[in-house]
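Undergrad: here's a sequence, model it:
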Amino acid sequence: MTIELTPNGVACNMDCPYCYQKPMRDAGNISHGYDMAKMKEGLLKEGGAFALFGGEPLLLPLDDLEELFAFGLERYGSNGLQTNGSLITPEHVALFKRYRAYVGISVDGPGDLNDNRWMGSFEKTRIATAASMRAIEMLCQAGIAPSLIITLHRANALGEHLTRLLQWFRDLEQIGVRYIRLHLLEVENEHIRNTLALTIDENIDALLRLYDFQKATSLQFDLFREMAQLLLGNDYNSTCIWNACDPYTTAAVRGVDGQGVSSNCGRTNKDGVNWQKADKPGFERQIALYSTPQSDLGCQGCRFFFACKGQCPGTAEHGDWRNRSEHCEIWKALFEQIEGDLRGLGFEPLSMSTKRLELEARMLEAWANGQNISIQNALRNSAAPCPDREHGDHWDAPDGYHHSDGAFDIHGDSGKTIMHGDSNARLDATYMGQPGRTSNLGTTTSTYPVRLVPS
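TA: So this is what the prediction gives:
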């Protein structure tokens, strides 16, 4: 579970045209101000480690930021935040170190690759991008290398742009960055689709090139690791996008706004209204998708359904959470590539196993009873033992401090701390990238390839 604290709501110093929070800003639902006491009360009610989110959390005055960090360190042992990085100063870096704050930076590349993180003019945008680049370097020099979220689109993932992005990744590797979360563009309107969105084939080509790229680098793209683990029945550290999200409860992401009120993950918000959470989750979407023909935007008969579950409802076809993700064909192509690589390494993916239909039946039974279930627990009676934990519980943060109340999950960020739906649980470096090495996950020992190096 992730707890996101949003003191300033979706207020931001940037106006990125593709931001999934743009419907909120366009509707004027940006912020109602913040009350420090109410925020702390709301966080205590949620009862777990939290990460500052936005919008842009560094719009907070430095004194207020320090008060929240002091609260987080005292209560939970560390802190986290997700930022575009353009406002980070040496004073912020000192706070991050003092209060054990894990930092995720959302940026799409250097120079013009980042032009869609808009500041009102190209000149101001390039100045802000340069500030974000300096912030990454400052954090690395301070020994607190950030993880990055990179959104793929036409300005950074096509042709020469993608070549430059990969070179930048090599430069990042040299200064100490290790964890990168890749996001496909979440399309909120037809203008963005026509101007920025990659086609299905372009997305597949970009992801496969990135997939091959990571085999020769120490950088970790958590997306590929998670997909390989899911195919092998290990969803202990999987991100919320793979975990049967209910858009009315978004169980993996719990928000606390500036007035201490609980809210949902913003990725599922398509009408500009920050709806309050439902009292309990439902899994009608997954049950319906399993039985609905693919020709009708369902998932019937898909051998990857147990792993994907229709993917994030925030990316559903036509903006309707009842449909599967509009990125379905992209995920299929990537699953097929990883599936083939796993088989080449001597593993049997569940997508090719006779256990798959029984696994799906157990998942459907749990959902019909109003319960989510991990792949591991659904396989409990099979030959492969599974940890007695549901995903989201008892993960370790990247600073090495254990968080018994759960990890951050800031939509797809990286690190042992899970940042959103985004999330990456960092795996121990002693076996990362070593096919067939044994890894200890909770109460069981599981053997699987993490990096899928060429055979």
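Undergrad: ok, which stretches of this structure are helices?
TA: With DSSP state H, the ranges of helices along the chain come out as 22-26, 36-46, 62-76, 90-98, 122-141, 159-175, 190-195, 200-213, 222-231, 284-291, 305-308, 328-344, 356-368, 375-378.
Undergrad: give me the contact list for the second one.
TA: It refers to helix 36-46. 3, 5, 7, 50, 64, 67-68, 71, 75, 254, 256-262 (C-beta atoms under 8 Å, 6 or more residues apart in numbering). (Each C-beta comes from the backbone N, C-alpha and C, glycine too.)
Undergrad: quick one: it to helix 62-76, angle?
TA: Regarding helix 36-46 and helix 62-76, their directions subtend 30 degrees when assessed with axes from the mean of the first three to the mean of the last three C-alpha atoms, to 10 degrees.
Undergrad: any weak-confidence spans in the stretch 351-455 of the chain?
TA: Across the stretch 351-455 of the chain, the ranges flagged by pLDDT under 70 are 381-455.
Undergrad: again, 50 this time
TA: Flagging of the stretch 351-455 of the chain using pLDDT under 50 yields the residue ranges 382-450, 453-455.
Undergrad: report pLDDT for Ala252.
TA: Looking at Ala252, its pLDDT stands at 79.
Undergrad: and it, how many neighbours does it have?
TA: Residues within reach of Ala252, counting by other C-beta atoms under 10 Å, total 28.
Undergrad: so it sits against Cys240, correct?
TA: Yes - proximity of Ala252 to Cys240 meets the contact threshold set by C-beta atoms under 8 Å, at 3.3 Å.
Undergrad: hang on, the earlier thing: are any of the contacts of helix 36-46 buried, and which?
TA: 3, 5, 7, 50, 68, 71, 75, 254, 256-260 (16 or more other C-beta atoms under 10 Å).
Undergrad: out of those residues, the closest to Met119 would be?
TA: Pro7 (21.6 Å; C-beta to C-beta).
Undergrad: OK, contacts around that closest one?
TA: Per C-beta under 8 Å, 6+ apart, neighbours of Pro7: 34, 39, 52, 57, 60, 64, 68, 257-258.
Undergrad: measure stretch 306-323 end to end?
TA: As for stretch 306-323, its first-to-last residue distance stands at 16 Å under the measure C-alpha to C-alpha, to the nearest Å.
Undergrad: list the buried residues in that stretch.
TA: Judged by neighbour count using 16+ other C-beta under 10 Å, the buried positions of stretch 306-323 are 306-316, 319, 321-323.
Undergrad: now for the residues you listed: which two are most distant?
TA: Once C-beta to C-beta is applied, the buried residues of stretch 306-323 give Phe306 and Gly319 as the farthest pair, at 25.3 Å.
Undergrad: identify the residues contacting stretch 115-134?
TA: Stretch 115-134 is touched from outside by 13-18, 84-88, 105-108, 110-112, 114, 153, 155, 196, with contacts defined as C-beta under 8 Å, 6+ apart.
Undergrad: which of those residues are buried?
TA: Those of the contacts of stretch 115-134 that meet the buried threshold are 14, 16, 18, 84-88, 105-108, 110, 112, 114, 153, 155, 196, by 16+ other C-beta under 10 Å.
Undergrad: which of those residues fall in strands?
TA: The members of the buried ones among the contacts of stretch 115-134 that map onto strands under DSSP state E are 105-106.
Undergrad: and the gap between Ser238 and Ala307?
TA: Separation of Ser238 from Ala307 (C-beta to C-beta, to the nearest Å) stands at 9 Å.
Undergrad: what sits in contact with each of the two?
TA: By C-beta under 8 Å, 6+ apart, the residues touching both Ser238 and Ala307 are Leu230.
Undergrad: thinking again about what came up before, just the contacts of Pro7 now: which is nearest Leu379?
TA: Looking at the contacts of Pro7 and their distance to Leu379, the nearest is Leu52, at 36.7 Å (C-beta to C-beta).
Undergrad: re the thing from before, between the contacts of Pro7, which is closest to Leu345?
TA: Leu52 (40.2 Å).
Undergrad: Asp257 touches Asn29, doesn't it?
TA: No - counting by C-beta under 8 Å, no contact exists between Asp257 and Asn29, whose distance comes to 10.6 Å.
Undergrad: low-confidence ranges, the chain, go.
TA: Within the chain, the set of residues satisfying pLDDT under 50 comprises 382-450, 453-455.
Undergrad: same thing but 80
TA: Along the chain, the parts satisfying pLDDT under 80 run over 1-2, 32, 252, 269-276, 381-455.
Undergrad: what about Gly266, how many residues nearby?
TA: 25.
Undergrad: what residues are up against it?
TA: Taking C-beta under 8 Å, 6+ apart, we find Gly266 in contact with 10, 20-21, 24, 255, 274.
Undergrad: between all of the contacts of Pro7, which two are separated the most?
TA: Within the contacts of Pro7, Asp64 and Asp257 form the most distant pair, 14.9 Å apart (C-beta to C-beta).
Undergrad: circling back to that earlier point, quick one, which of the helices of the chain is nearest to Gly298?
TA: With C-beta to C-beta as the criterion, Gly298 lies closest to helix 284-291 of the helices of the chain, at 5.0 Å.
Undergrad: helices or strands next to the closest one in the packing?
TA: Helices and strands touching helix 284-291, by 3 or more C-beta pairs under 8 Å, 6 or more residues apart in numbering; DSSP states H and E, are helix 356-368.
Undergrad: tell me the helices and strands packed up against the helix it packs on.
TA: Judged by 3+ C-beta pairs under 8 Å, 6+ apart, helix 356-368 is in contact with helix 284-291, helix 305-308, helix 375-378.
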